[in-house]
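Colleague: sequence and predicted structure are below.
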Amino acid sequence: MKKLFAALCVAVGLAGCASTQTAPTTSSSYTTMDKSAQSAMTADGAIAALKDGNQRFVSGNMIKRDLMKQVKATGYAQYPLATVVSCIDSRAGPEIVFDQGIGDVFSARVAGNFVNEDILGSLEFATKAAGSKVVVVLGHSSCGAIKGACDDVVLGNLTGMLAKIKPAVADVSMAGDRTSKNDAFVQMVAEANVKRTVNDIMAKSPVLKAMADAGQIKIVGAMLDVKTGVVTWY
Ligand SMILES: [Zn+2]
């Protein structure tokens with residue numbers, strides 16, 4: 001395992017294995033993540049940092065970072081605190097809605113924030129190999145992919161992608177209008193999809209499940225309201 005881990009690190013040239021590292025960049029308002037900051041970070045601490053960041057985002061008090069300073073501090077190694085699986089939606093960028101900087105967050109994005117083998121592999125890298133402490137599945141309101149799944153949209157490669165979201169549509173037993181015209185239904189399916197994705201991660205990744213069971217990471221769901229910017233946690 002140690003050999004495999006070292007090989008992974010060499011292959012990607014980052015995280016956790018760098019023998020030399022730059023000093024943490026600190027100011028009165030933020031810290032660029034480094035090896036010691038990541039080592040000291042817990043899963044609950046990472047969740048708290050994201051919650052604090054969302055509150056700053058919502059209140060308009062985002063940290064004024066020197067991003068190029070953070071680029072220089074993280075150029076040779078990265079030590080992110082969190083990994084986020086979110087939709088490609090233009091309003092759902094995790095670094096923005098959680099007010100995070102360079103080197104803070106691994107971000108896996110796909111329309112409808114589901115997981116497949118490639119994304120699971122990415123999450124395993126981001127946690128097991130690169131040390132992030134929490135996996136957040138971030139869904140959002142008014143999601144076009146969720147609406148497409150509700151409406152059985154057929155369009156090129158989108159058809160196959162939506163098939164991966166449709167189980168969440170079936171999870172919602174609501175009677176009546178089960179199309180994208182029903183905002184309440186779309187929201188319920190989006191929430192069901194987040195819960196399903198969290199469960200899928202645990203069911204389909206023994207690596208992540210073992211880390212979660214051992215308390216090394218947490219895997220949690222959350223929903224972004226695109227009308228307010230507020231993230232609600234499960
Ligand atoms: Zn979406």
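Modeller: Yes, it's here.

Colleague: where does pLDDT dip in the chain?
Modeller: Applying pLDDT under 70 to the chain picks out residues 1-29.

Colleague: close to the ion: what parts of the protein are there?
Modeller: Selection of the chain residues close to the ion by Cβ under 5 Å from the ion yields C87, D89, C143, A145. From N, CA and C alone the C-beta is placed, and that goes for glycine too.

Colleague: farthest-separated two in those?
Modeller: D89 and A145 (8.1 Å; Cβ to Cβ).

Colleague: higher neighbour count, those two?
Modeller: Neighbours per residue (other Cβ atoms under 10 Å) separate D89 from A145, with A145 holding more: 25 against 21.

Colleague: re the thing from before, overlap in contacts, D89 and A145.
Modeller: A111 (Cβ atoms under 8 Å, 6 or more residues apart in numbering).

Colleague: for G148, see how far away the closest residue to V220 other than its chain neighbours is.
Modeller: In space, and not counting its chain neighbours, V220 is closest to V136: 5.7 Å by Cβ to Cβ, 6 or more residues apart in numbering. Noted for V136: a distance of 23 Å to G148, by Cβ to Cβ, to the nearest Å.

Colleague: spatially central residue for this protein, please.
Modeller: V84 (0.8 Å; Cα atoms, centre = their mean).

Colleague: for that one, what are its contacts?
Modeller: For V84, the contact set (Cβ under 8 Å, 6+ apart) comprises P94, F98, V105, F106, S107, A108, V135, V136, V137, L138.
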